[in-house]
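Novice: What follows is a predicted protein model with its sequence.
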Amino acid sequence: MNIKNPNRKIKFSASLSMFPILFCIISCNGPRYAFIAIGTAVIHELGHIIAAKLLKINISSMKLDMLGARINMGSELVSYPREILLCAAGPGANILTVLVCLLFIHSETVAFVAASSAVLATINLMPIHSFDGGRILSSVISSFFGTLVSRRVVDITSAICLSIVWIISSYLLLRVGASLSVFIFCISVFGSVFLARDNEIKPDEVS
């Protein structure tokens, strides 16, 4: 596989759709914890970037939107095993952060870093379209049964997982006034995955 200009800089951009979610997080949790949450997201994406470098996968751009960050690999074709490793690297970086924090938990801030990293890793490992877990499941199934079967399976797992998370967040929102940011996040993901098919993640992108 030939990679053109492997030393070129990654292009970064941001979508306006991410700001309502960011505003909600700041309003519900305060600036300090919002910045910690953003920091854990940065660690997540660095995991993907480092894995891409180690796997010699060229990253052309990264775009921030309401689903987090999307890494574009241009027109480069990636094998299923390499894509699985690339997708697993993000949650893996968050899990490593949790393990490091467990050795040094002596403050509320460090505990929140650990909790935020654990939640981000768990959410991203859910078998949902555009999430790392969805990409991993799709790659595994595609390697054995083809892309059509994997698409149908991930459609089902996405609907189940989103429904469960949405119901839980709705219950917490109505009963104790919590998880507003999770509730709005679920609405955003639901709209992106099931209502806006034109904006669906392309095969050369990973979250």
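Specialist: Perfect, I can see it now.
Novice: for the biggest helix by length in the chain, what is the average pLDDT?
Specialist: Longest helix of the chain, by residue count under DSSP state H: helix 147-176. For helix 147-176, the mean pLDDT works out to 82.
Novice: Which strands and helices lie in contact with that helix?
Specialist: Helix 147-176 is packed against helix 132-145, helix 180-190, with contacts defined by 3 or more C-beta pairs under 8 Å, 6 or more residues apart in numbering; DSSP states H and E. Where you see a C-beta, it was placed from the backbone N, CA and C, and this is true even at glycine.
Novice: which stretch in the ones you listed has the least confidence?
Specialist: Among the helices and strands packed on helix 147-176, helix 180-190 carries the lowest mean pLDDT (a mean of 58).
Novice: Regarding residue 70, what is its secondary structure?
Specialist: Three-state assignment for residue 70 (DSSP: H, G, I helix; E, B strand; the rest coil): strand.
Novice: Quick check, pLDDT for it.
Specialist: Confidence for residue 70, expressed as pLDDT, is 70.
Novice: What's opposite it in the beta bridge?
Specialist: residue 63 (DSSP bridges).
Novice: Could you double-check that it sits in contact with residue 60?
Specialist: No. Using C-beta atoms under 8 Å, residue 70 is not in contact with residue 60; the gap is 11.4 Å.
Novice: Name the residues of the longest helix of the chain that come out as buried.
Specialist: Neighbour-count burial for helix 147-176, with 16 or more other C-beta atoms under 10 Å as criterion, is recorded at 150, 153, 154, 157, 158, 161, 162, 165, 166, 169, 173.
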